[in-house]
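Asker: Give me a model of this one.
(one chain, ligands or ions: 1)
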Amino acid sequence: MGTGARALLVRSRGCPRAAGPRTSSRGLRPPLPPLPCLSLLLLAAPGVRAAGYETCPTVQPDMLNVHLVAHTHDDVGWLKTVDQYYYGTKVDYQHAGVQYILDSVISALLADPTRRFIYVEIAFFSRWWHQQTNATQEIVRELVRQGRLEFANGGWVMNDEAATHYGAIVDQMTLGLRFLEDTFGNDGRPRVAWHIDPFGHSREQASLFSQMGFDGFFLGRLDYQDKLERKEMQEMEQLWRASASLRPPIADLFTGVLPNMYNPPKHLCWDVLCVDGPVVEDPQSPEYNAKDLVNYFLHLALLQSQHYRTNHTVMTMGSDFQYENANMWFKNLDKLIRLVNAQQQANGSSVNVLYSTPACYLWELNKANLTWSVKHDDFFPYADGPHMFWTGYFTSRPALKRYERLSYNFLQVCNQLEALAGPAANVGPYGSGNSAPLNEAMAVLQHHDAVSGTSRQHVAYDYARQLAAGWRPCEVLLSNALAWLRGSKEDFTFCPNLNISICPLSQQVESFQVTVYNPLARKVDWMVRLPVRKGIFLVRDPNSRTVQSSVVVTPSTEKKDHSELLFSVSVPALGFSVYSVALLTRRDPQVHTPKPRPKKSLFHILTIENEYIRAKFSPQTGLLVEIENMEKNLLLPVQQAFFWYNASVGDRISSQVSGAYIFRPSRQQPLPVSRWAQIQLVKTALVQELHQNFSAWCSQVVRLYPGQRHLELEWTVGPIPVGDSWGKEVISRFDTSLETDGVFYTDSNGREILERRRDYRPTWNLNQTEPVAGNYYPVNTRIYITDGKVQLTVLTDRSQGGSSLRDGSLELMVHRRLVKDDGRGVGEPLLESGSGAWVRGRHLVLLDTVQTAAAGHRLLAEKEVLAPQVVLSRGGGALYNLRAAPRKQFSGLHRELPPSVHLLTLARWGPEMLLLRLEHQFAVGEDSLRNLSSPVTLDLRDMFSAFTITGLQETTLAANQPRATASRLKWRPNTGPTPRSPYLLDPAAVTLQPMEIRTFLASVQWNKNG
Ligand SMILES: [Zn+2]
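Answerer: Here you go, the predicted model:
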């Protein structure tokens, strides 16, 4: 941070000029406005009209203008890995080489100034950029400045919308947009979001795009029935009101459906990957076709324009990995444009065709100044024909989906500790710590063939490899930061296999320390479970007080018992607590081993319970039959069991099979995995568990810890047997007596909630062809049902598909293994046989009143997504700083944040700059009893204990433009005007409205000694 910010600390009266355009280096950015100057500066900012359209081509106001958008769609991994696609290796898998595409496009753009091209995937573009000479970079900068090369979307990847968590979407967009901002400044900032391939579209994605400042959004895939109706009604373009809580127009996003997904019109594909013939305009040539082509094009343009409301229409000229020989495309497009426009003079044609871009097309739509209809729901599920619902990928590759979600958790811990410890996190006793590799790997994982589970197997392995490679420099960073903040250099060990009870240190050593870091802005109580050798242990808290602990022994498959040490930890907000564990004696009469069900219990109800919850199981079947919330005096019969759908391999009605993308059961009724479970009961002071074994490949532990207001179901499924050649899609189903009237609720990317109604779509008359698959929706964090009084909520630990196919029932698909390919390009059956075959996960079940349910599921979901990080060490490490005593407890906050506020991001942005996002995590009206849905006001000036904020700037959601000067195109909804309120930032009183996220760049000074 430069001198400007330091001056503030001595209460300088002079306010520096507002931040100007950014330079390309992180370190050389202009200083942020110091705190006292903020309100003045930002109040003075005028509400200017969105800029960025000055370079758009001229159109013909009295004609039909056809905007040709030359583009390539470059998947960040699918049939080939990211590197195989970039370099163009493995031609036998797919002919695709992104480096050649960019080389070729730049040359072709230089050959003719009227040509335009858009590029989208920054994961590829940034890699290519760094391999260019200064001279080439200068040329590209000029092309960008002139609008001839335009960036659309600008995320690291074009992310999936069904299996992604909003936090990870925001992170990946921030990474890509930051590259563009750093490299090209305002010229490179995308105005248009461009999700032409994701398989259905979430409402939250539109809300996030809107909050990032995009002027519009174009998509390619939507339900075939929806599309047909929209074409008839001229509703291909609309205003999407993407939040039920945010005040319009904050989450209003102009949204256009492209006419032909993202492909060129039939017969007009001029790529090496296509078979269409070139334009031949020499009438002497036997190959002459220009006249026919022009007539065909004019016919096509007029036909297409009938479904749109303005005298502008768009054609996407490109597709997957096209433009490797860009000259071929552009040469034919040049000719087409010349020939078609010549008809205006020759034959009085009213069609004008031009090179354009999505932003320039959008700009013309905006200038048309029409009133647009408003959409409130989303675009799920997606079907591209009868019996073809893309609802399988909501669950496909559940192990990868969990690894991705766990990596999100770890990345936030890594980011936070990098922010809290400052430079000591990056360079320290353990080497160079770095959050960037995991940040990039996580961004790649958001791609619509990555976390979606729709890539080839070898590519899925490569995604996992990238995550693993990202974890390592973060582990170094964590060690550096924890040593710095603790004041002692310990031999930190990470135990990534705790989910399968493996941790060499705790299993081999007789005494060790457990450092638990809590990434939430509130204190957390958490049950630590560590695999240990048998014995009695003494556990002490940070104040050396003895903590209650117990050892549970569970039989394992290798005939070797697993002993687990349990103790409850309490960790302050954004901080850590250090617990010490010592083995007292190897003999222990108190060890708790699960007891097989006693004979007499055949006549007794089996229960597990704590002070809030009681769960009952049938002694005949071993299945869950009832949940009681004793605190709220609610009792609900709930039957839970596992079933499987037999995957269709095609039938007389449709040849469609179930595959990586598509879910199609052969029969609508699933089969039970087992009608009963072998059970074992564990009861100690610290846990009560019922172990259920349904089959060789399906088991579950139903669990209650003291103080827990939810029931935890830890299921283990796989490898799913397919030796009978039957693909199987396994669900966990909860059946209750709740009268739910066909309605259920699912979250949108882990944030706002959408109402779902069986066999129904809010905006068109659905002809339901698949009563099961056609009612499946993405569940990122939760699904619930209610009768208006009682609510049953199930939280997931990763994205899954879910539904309510009968009143009172809800189901989640936990795993699937299929023997056929579903014909959507991946060309492989989803037959995971390696590390993805065996999957363990958790469902957290809440039984609550409707009035208090949101408080329960919002806070629990937050705790799941940002779970504490457990780090072990032997203890007795050397002092970090001889003058400072080591500490066993630390909080990065001076005081906890209120429960409505989620600390979404705390990360390093530059040498002395941090990125901070604060989010109101409740929706309007969601919590009426405890007031958690009310606006909250925070004082940012003295919030953090590890550093002092010396300057602050609020930005749009992806941090690529100051909020004060950001402006978006204005659109007129048919619901009436949406007045914009004036913008003001007072760091002493930052107010968050329900579901609002506010993003800040803060210049900081770290405190000495952490
Ligand atoms: Zn794609």
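Asker: List, one by one, the residues from the stretch 151-300 of the chain near the ion.
Answerer: On the criterion C-beta under 5 Å from the ion, the ion has as its neighbours in the stretch 151-300 of the chain the residues Asp197. Quick note: C-beta positions are derived from backbone N, CA and C, even for glycine.
Asker: Can you name the residue of the stretch 151-300 of the chain nearest the ion?
Answerer: Residue nearest to the ion within the stretch 151-300 of the chain: Asp197 (3.5 Å; C-beta to the ion).
Asker: Against Ala443, how distant is that residue?
Answerer: As judged by C-beta to C-beta, to the nearest Å, Asp197 and Ala443 stand 17 Å apart.
Asker: So which of those two has more stuff around it?
Answerer: When neighbours are counted by other C-beta atoms under 10 Å, Ala443 comes out ahead of the other of Asp197 and Ala443, with 28 against 21.
Asker: Kindly report the residues of the chain close to the ion.
Answerer: Those residues of the chain that sit near the ion, judged by C-beta under 5 Å from the ion, are Asp75, Asp197.
Asker: which strand in the chain runs the most residues?
Answerer: strand 634-646 (DSSP state E).
Asker: which secondary structure elements does it contact?
Answerer: Helices and strands touching strand 634-646, as assessed by 3 or more C-beta pairs under 8 Å, 6 or more residues apart in numbering; DSSP states H and E, comprise strand 624-629, strand 671-672, strand 711-717, strand 728-736, strand 790-796, strand 839-849.
Asker: Show the average pLDDT along it.
Answerer: When pLDDT is averaged along strand 634-646, the result is 98.
Asker: now do stretch 141-151
Answerer: The average of the pLDDT scores along stretch 141-151 is 97.
Asker: what does stretch 246-262 give?
Answerer: 97.
Asker: what separates that stretch from the chain centre, distance-wise?
Answerer: 19 Å (C-alpha atoms, centre = their mean, to the nearest Å).
Asker: Quick one: end-to-end length of it, please.
Answerer: Terminal residues of stretch 246-262 lie 31 Å apart, using C-alpha to C-alpha, to the nearest Å.
Asker: Going forward, the N-terminal residue is numbered 32.
Answerer: Shifting the count to begin at 32 puts that one at stretch 277-293.
Asker: What is the burial count for His161?
Answerer: Counted with other C-beta under 10 Å, the neighbours of His161 add up to 8.
Asker: and the closest residue to Leu1000 other than its chain neighbours, what does it touch?
Answerer: If you skip the residues right next to it in sequence, Leu1000 has Asp246 as its closest partner in space, 4.3 Å away by C-beta to C-beta, 6 or more residues apart in numbering. If you count contacts by C-beta atoms under 8 Å, 6 or more residues apart in numbering, Asp246 has them with Ala81, Arg222, Val223, Phe285, Ala390, Leu393, Asn397, Arg999, Leu1000.
Asker: Buried subset of these, written for PyMOL?
Answerer: Selecting in PyMOL just the buried members of the contacts of Asp246, where the criterion is 16 or more other C-beta atoms under 10 Å, is done with this command:
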select buried, resi 222+223+285+390+393+397+999+1000
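Asker: give me phi/psi at the residue in the chain sticking out farthest from the centre?
Answerer: Largest separation from the mean C-alpha position in the chain: Gln315, at 57.1 Å (C-alpha atoms, centre = their mean). Note on Gln315: its backbone torsions stand at phi -80, psi -20 [degrees, to the nearest 10].
Asker: Let me know the pLDDT of it.
Answerer: So, for Gln315, pLDDT stands at 97.
Asker: how close does it get to Ala321?
Answerer: With distances taken as C-beta to C-beta, Gln315 is found 12 Å from Ala321.
Asker: now Thr585
Answerer: Distance of Thr585 to Ala321, computed by C-beta to C-beta: 76 Å.
Asker: Can you tell me the number of residues neighbouring the residue in the stretch 582-731 of the chain that the ion sits nearest to?
Answerer: Nearest to the ion in the stretch 582-731 of the chain, going by C-beta to the ion, is Tyr692, at a distance of 11.6 Å. For Tyr692, the neighbour count with other C-beta under 10 Å is 27.
Asker: Pretty sure it sits against Gly854.
Answerer: No: using C-beta atoms under 8 Å, Tyr692 and Gly854 do not qualify as a contacting pair, with a distance of 9.0 Å.
Asker: show me the contacts for Phe673.
Answerer: Residues 703-705, 725, 729, 731, 746, 748, 761-764, 845 are the ones in contact with Phe673 under the rule C-beta under 8 Å, 6+ apart.
Asker: which of those residues are buried?
Answerer: Burial of these was assessed by neighbour count (16+ other C-beta under 10 Å); the buried members are Val704, Ser705, Phe725, Cys729, Gln731, Trp746, Val748, Val761, Ile762, Ser763, Arg764, Val845.
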